[in-house]
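turn this into a model:
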Amino acid sequence: PGNYICELAAQPLARDYARHQGVPPRRLPGQRGGYARLNPPGSWDATNVSVTLNGFSHTSTDDVGVLLVAPGGQNVVLMDGAGNVLTPKCSVSNLTLTFSDAAAAPLPDTGCFGSGMYQPSNYYPSDTFSAPAPGGPYGTTLAGLNASTPNGTWSLYVPDFDVADSGSISGGWSLEIGGPTAVRLSRFDASSRAGRVLLRWRTASEADLLGFNLYRTEHGKLVRLNHSLISGVFGGTAGGHAYSFVDRPGVRGAVRYRLQAVGLDGARRWVGTATARALSGTR
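Down below sits the predicted model:
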C-alpha cells in the first residue's frame, strides 16, 4: 500500500495538553475536515509506525510526556522523563525527534540529547495522562500498533507535567505508516558551513537495500536532491555502512531534509529526518 504521511499543524506545549490534529499538507484519499484521517485504498494493517516531532523545544525535557494513540485505541508512550531532572536540567531548542522501534537506542534518562532517531522510552511508568487522553496501562513499543487499522484519527498527547518550565513543538508532528523496511538507521544528521550542508547517515543493517534518495523541503514541497539513486552497499556490512551527501540549499535559515530508503523490490520508506541552519545564500 505504500506510505501514508500526515504532517499536522504546530501547537504550543501548554500546562495541560497540546493535542495536535490538523490538515495534512497533501490530501490523502478520503481525508475530510480538520482532522488527520488515513483512509488508504483497500484493507491493510498498520506496520512500522514512526512519529517525528519538528521544532521540539523545552526548558526541562524530564517534564515532558508524549503519548501516541491509534484510531482503535492502541497507544504507546514515545517519551516521558527523558534527560536530567536535576541541575543542570536538559534544555533543548528546535530539535527534530523521530521515534521508531528501528532506532539504535532510546532517549537517555540522564544527561541531555540532540536531534535524531530514538526508540520509545518511559522513565516514569507510573505517570498518568489525564483526559482526554486514555488511561493506562500504556504501550512501550510502536510494534504494539502493528496490525491495528490505520483508518481514522491518530492523536498525539503532549503534557507538561511541571508548570515551572515550558516548551513548544513549533513545526508540528508527522506520522508515518509503511511496509517492511529495507534498512535500519543508526544516525542521520546535517551540519552547515559556508553555504553548504553536509548530510551524513549510517546504517545499522541493510537487508535487501537498493539505495537512498534525499529530499529537501521547499515551500511545503519535497524536492529530490540526488539525480540518481545513492546506491547501497551490496549485502551490507556487519556494522552497517556510512554515507554522505553535500547540498547547497541557496537559502538562509532552517532547512529540513528527509532520507528515503529504496528496497530491492522497489518499496520506498522514509527512514530519517534532519534539520540544518543554512548560513549563506550562495548556490
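
who touches the residue nearest the centre of the chain in this structure?
Centroid-nearest residue in the chain, with Cα atoms, centre = their mean: Thr52, separated by 2.0 Å. Residues in contact with Thr52 (Cβ atoms under 8 Å, 6 or more residues apart in numbering) are Thr96, Leu97, Thr98, Phe99, Trp173, Ser174, Glu176, Thr273. C-beta: built from backbone N, CA, C; applies to glycine.

let's see the helix or strand hosting it as PDB, backbone CA atoms only.
Element membership of Thr52 [criterion: DSSP states H and E] is strand 49-58. Output of strand 49-58 as PDB, limited to C-alpha atoms (Å, rounded to 0.1, in the frame of the first residue of the first chain):
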ATOM      1  CA  VAL A  49       4.800   3.200  12.600                       C
ATOM      2  CA  SER A  50       7.100   6.100  13.300                       C
ATOM      3  CA  VAL A  51       6.500   9.600  14.600                       C
ATOM      4  CA  THR A  52       8.500  12.800  14.100                       C
ATOM      5  CA  LEU A  53       8.300  15.900  16.300                       C
ATOM      6  CA  ASN A  54       9.600  19.000  14.400                       C
ATOM      7  CA  GLY A  55      11.000  22.000  16.200                       C
ATOM      8  CA  PHE A  56      10.800  20.500  19.700                       C
ATOM      9  CA  SER A  57      11.900  22.900  22.400                       C
ATOM     10  CA  HIS A  58      11.700  22.700  26.200                       C
END
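
quickly run through the sheet partners of it, with directions.
Here strand 49-58 has these sheet partners by DSSP bridges: strand 92-99 (antiparallel), strand 167-169 (antiparallel), strand 173-177 (antiparallel).

next one: that strand to chain centre, how far?
Offset of strand 49-58 from its chain centre (Cα atoms, centre = their mean, to the nearest Å): 5 Å.

so which residues make contact with the helix or strand following it?
Using DSSP H and E, the helix or strand that follows strand 49-58 in sequence is strand 65-69. Strand 65-69 is contacted by residues 49, 51, 53, 75-81, 99, 124, 127, 129, 133-134, 138, 142, 145, 154-159, 161, 175 when judged by Cβ under 8 Å, 6+ apart.

next step: those restricted to strands.
Counting by DSSP state E, the part of these found in strands is 49, 51, 53, 75-80, 99, 155-159, 175.

farthest pair in those residues?
Val49 and Pro159 (21.0 Å; Cβ to Cβ).

Gly55: how many residues sit nearby?
19 (other Cβ atoms under 10 Å).

so what's it up against?
Residues near Gly55 by Cβ under 8 Å, 6+ apart: Ala10, Asn94, Leu95, Thr96, Ser168, Ile169, Ser170, Gly171, Gly172.

if we go to 6 Å?
Contacts of Gly55 were listed using Cβ atoms under 6 Å, 6 or more residues apart in numbering, and they are Asn94, Ser170, Gly171.

any idea of the angle the strand holding Thr52 forms with strand 75-80?
Between strand 49-58 and strand 75-80, the angle formed by their directions is 30 degrees, by axes from the mean of the first three to the mean of the last three Cα atoms, to 10 degrees.

what pLDDT, on average, does strand 49-58 get?
Mean per-residue pLDDT for strand 49-58: 88.

between that strand and strand 65-69, how big is the angle?
Using the same axes, to 10 degrees, strand 49-58 lies at 150 degrees relative to strand 65-69.

looking at the strands paired with strand 49-58, which is buried most?
strand 173-177 (a mean of 24; mean count of other Cβ atoms under 10 Å).

next structured bit after that one?
strand 184-193.

what's that following strand packed up against?
Secondary-structure packing of strand 184-193 (3 or more Cβ pairs under 6 Å, 6 or more residues apart in numbering; DSSP states H and E): strand 196-205, strand 268-278.
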